[in-house]
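> next input, structure requested:
(2 chains)
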Protein chains: 2
Amino acid sequence: MAETKAPVAFIGLGAMGFGMATQLVKQGYSVTGFDVWPPTLERFQQAGGSTASTPAEAVQDKEYCVCMVATAQQAQEVLLEGANPAVPALAKGAALLLCSTVACGYVQQLAQQIKDSGRPDILLIDCPVSGGAIRAADGTLSIMAGAADEAIEKGRDLLQAMSDPEKLYIVNGGVGAGSNMKMCHQVLAANQILSANESMGFAAHLGLDLTETSKALIASEGWSWMLENRMPRMLHPEFQPVASAVTIILKDTSIITSEARRYGFPTPMTSSAEQGYFTGLGRGFGSDDDASLIRVYTEGKGKVGPVKGQAETKDAKLKLVINLLKGIHICAAAEALTFAHKVGLDLEQVYELCINAAGGSTMLKTFGGDMIKILHSEPPLVADGLAALAQDLHEAVDEAQKLKLPLFLGSQALNILRLVLQHKPKDRAEAPMALAVKVWAA
Amino acid sequence: MAETKAPVAFIGLGAMGFGMATQLVKQGYSVTGFDVWPPTLERFQQAGGSTASTPAEAVQDKEYCVCMVATAQQAQEVLLEGANPAVPALAKGAALLLCSTVACGYVQQLAQQIKDSGRPDILLIDCPVSGGAIRAADGTLSIMAGAADEAIEKGRDLLQAMSDPEKLYIVNGGVGAGSNMKMCHQVLAANQILSANESMGFAAHLGLDLTETSKALIASEGWSWMLENRMPRMLHPEFQPVASAVTIILKDTSIITSEARRYGFPTPMTSSAEQGYFTGLGRGFGSDDDASLIRVYTEGKGKVGPVKGQAETKDAKLKLVINLLKGIHICAAAEALTFAHKVGLDLEQVYELCINAAGGSTMLKTFGGDMIKILHSEPPLVADGLAALAQDLHEAVDEAQKLKLPLFLGSQALNILRLVLQHKPKDRAEAPMALAVKVWAA
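Presented below is the predicted three-dimensional model:
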């Protein structure tokens, strides 16, 4: 079997890349890996891969190269500008799959630079991934691929080898569209990683049992993929293992907000999340798992003088936490979809991708379709609910204020819902749930 | 002289109250003070006051009582519900001046409870103050007094004795209106105390000399009363003396956001400030001076890996800091004035009071009048500037992101300006500066 598959170069064998490359080896690909960290190369040899000592050596005469480095700056180094870069050494007509999460603007500039360097034959595929290290190693990632048709055809087998059969999305719009899709997906990820921490931090201040609460939240309408995924690490006394560091989601968050600024597009939710991440970074939590950010919320607990909340029963307290998550997730969904609309993505595809990937949440799944209808100037199916949701969130924010903890996302979401309802004073009770998008939509 | 003035009871001899009470003594009033902290009573005797051991004893048969405790809860205790409360012991027809910063809802409820307790004769004056401990001791506070005409007449001499002749504002609307005025003023205070810290934290990350920067900021369009007032303590190596603790402005901030929720009114700026204050509280800074919150911004400096900003010259860096302040102050002014409009205050009076009190800023002074015009559906005098301001703020937020520090207020202000411009896509360049109010105005 292995002999029938073309040799592949794989640059960047980090937490995600190592799993992806190893999975290709298991599927019978002959993979030559490169990474700047020598111990990783040894480990990759033990997993059946070959290794190279420079990017150029890894890709020498190969028709396929996957690049899974951490940042645009690293991609620029290994592909074009560092010592022995990959691009000049690729075989004629090779497919170059850039799987890193980068800004749309960067990957479009890279395409131009590759052409300008005398290699217009290279078929660049802009194909960021989502799903985490476990799915990377299983070959069941979500992949969002934007490229010319010819490039997609050349890379399709490899894309399929790394993704779940139902989660390979060919995004219309060519190079840049894949990154835009990932960016909009990451609006959900950025908000929902922090909302998982914020909700559990709130639960801690409320005096709830965290293990029991975690199960109840996962079973509630406050569910998100991130909430469920981060919970074991959040409940671990040392937030182990470090599966995804704060710096990783902060990098993606900064891509969102800086791209949004470039478009003049407001991202109040993601910007608030970013301040939360920067606060954690400043506290020295950068290299810790992002599920450790619960500490940003809990570190003052018991040290800020006497506090007294209003909720007394366990059920009442739990309801406040669920309402906090629901309010945040509605606003995150609205921000993600309106931003996707702004950058010209196919909203149905965004929705389908996000509900099946790490950006999924019950609120998105339930009301995302209605949000798309409103963005397309069609009437939503659900005709009310937003005023009641705002009132529920109001109670959660009130209680957190009494308990004296920050709610970066919850307080922002409440203000967004109030802004929407402010502009719709006559029939507040009838404001449809999905109307949250109206804060962003001109 | 002293004999001609009526005896006054003064309850609450804290940082503000001690100065106010002592100033009354200097003006020849016979003042009987009460406080729960015995050393303060001794100090007040040394300053020429008399003291009492209970609220009831302090007010016994007196026709005037000033209450300057820290919270509504403390007011409720000393006036009505604690041991030996003041209200039952007051002389018939006495004027009761509540100078504490409390929610409008609280002081209106207090008025009702005093009536219901069988003392409809007591003339309650809702008269919060602004200006800090030094002006308290000078008798030059700003005072915002709301009450029945008869109460104002009875209390006028005392109100004048504690205030600057040009800064005693009789607020239309009776009991509750004074507190609402103070609340809207505190929107500016809450934002501008934190913006002083945020701007100087940004300056520190930019590598600017802080002493030199402080002078330049005070001389710039980014000026605010709070910026100038906090600067000496912010530049002091131990943030001394503690003139106004983080918990004090946090209390006022929480009054604003909880009252806003009661009205269903969005306060995105003040809510962001509140999260910054809660973050500082959680870090253990609660009893420190609020000028020490620069630490929330600087504590990660030099510890978050290599960072590289874009601005190179001192002038370019300083311009970014000034632009940060201008953007925040425009949005703070817009939030304060729209909230004042929402609660039915006289906007011209709000404006005049705020520009002459601790809420003053150059941006409010310059564009507040235009904001009021827009809120009254009149054309503003300045016809453009908002898009350029947003672009300037954009550059500051971009730079802070590169330097990896949080900008709770700056990023929020930029999103607010983007939301306004989003809703006005056709003539962005002509968007008047004061249009920022349109995010809030339905």
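
> so which helix or strand takes in the residue sitting nearest the centre point of chain A?
Nearest to the geometric centre of chain A sits A:Q186, at 3.1 Å (C-alpha atoms, centre = their mean). Element membership for A:Q186 (DSSP states H and E) is helix A:177-206.

> likewise A:T32?
Counting by DSSP H and E, A:T32 is part of strand A:31-34.

> B:A260 versus the residue lying closest to A:Q401 once chain neighbours are set aside, what's the distance?
Excluding its sequence neighbours, the residue lying closest to A:Q401 (C-beta to C-beta, 6 or more residues apart in numbering or on different chains) is B:S254, at 5.5 Å. Heads up, the C-betas are built off the backbone N, CA and C, glycines and all. Separation of B:S254 from B:A260 (C-beta to C-beta, to the nearest Å): 10 Å.

> more neighbours: which of those two?
B:A260 (23 against 20; other C-beta atoms under 10 Å in any protein chain shown).

> let me know the pLDDT of the more buried one.
We have a pLDDT of 96 for B:A260.

> what's the closest non-adjacent residue to it?
B:T267 is the one closest to B:A260 (C-beta to C-beta, 6+ apart), at 4.4 Å.

> list the buried residues of the next helix or strand after the strand holding A:T32.
Moving toward the C-terminus from strand A:31-34, the next helix or strand (DSSP H and E) is helix A:38-46. The neighbour-count check on helix A:38-46 (16 or more other C-beta atoms under 10 Å in any protein chain shown) flags A:T40, A:L41, A:R43, A:F44 as buried.

> got those as a markdown table, with distance to chain B and pLDDT columns?
Formatted as a markdown table, the buried residues of helix A:38-46 follow (distance: C-beta to the nearest C-beta, whole Å; pLDDT from 0 to 100):
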| residue | distance to chain B | pLDDT |
| --- | --- | --- |
| A:T40 | 20 | 97 |
| A:L41 | 24 | 97 |
| A:R43 | 25 | 97 |
| A:F44 | 26 | 98 |
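
> each with direction, which strands does the longest strand along chain A pair with?
Identified as the longest strand of chain A according to DSSP state E is strand A:163-170. Partner strands for strand A:163-170, per DSSP bridges, with pairing direction: strand A:141-145 (parallel).

> contacts for the strand it pairs with?
A:20, A:99, A:125-131, A:135, A:152, A:155, A:159, A:162-164, A:167-171, A:178-179, A:181-182, A:185, A:353, A:356-358 (C-beta atoms under 8 Å, 6 or more residues apart in numbering or on different chains).

> do you have the strands of chain A handy? List them.
Using DSSP E, strands in chain A cover A:8-11, A:31-34, A:50-51, A:64-67, A:95-98, A:123-126, A:129-130, A:141-145, A:163-170.

> can you say which of the ones you listed is nearest to A:D288?
In terms of C-beta to C-beta, the element of these nearest to A:D288 is strand A:129-130, at 21.5 Å.

> residues contacting the residue nearest to A:V187 when sequence neighbours are not counted?
Distances taken as C-beta to C-beta, 6+ apart put A:A336 closest to A:V187, at 3.9 Å, once the chain neighbours are dropped. Residues in contact with A:A336 (C-beta under 8 Å, 6+ apart) are A:C184, A:H185, A:V187, A:L188, A:V350, A:C354, A:G359, A:L364.

> same thing with A:M269?
Taking C-beta under 8 Å, 6+ apart as the test, what A:M269 contacts is A:V187, A:N191, A:I328, A:C331, A:A332, A:E335, A:L409, A:Q412, A:A413, A:I416.

> isn't the last one up against A:C331?
When you say that, I think you mean A:I416. Yes - the pair A:I416 / A:C331 is scored as a contact, 5.0 Å apart, by C-beta atoms under 8 Å.

> just for chain A, where's the confidence low?
For chain A, the stretches flagged by pLDDT under 70 are A:1-3, A:424-427, A:442.

> so A:A136 versus B:K303, what's the distance?
Counting by C-beta to C-beta - A:A136 and B:K303 are separated by 30 Å.
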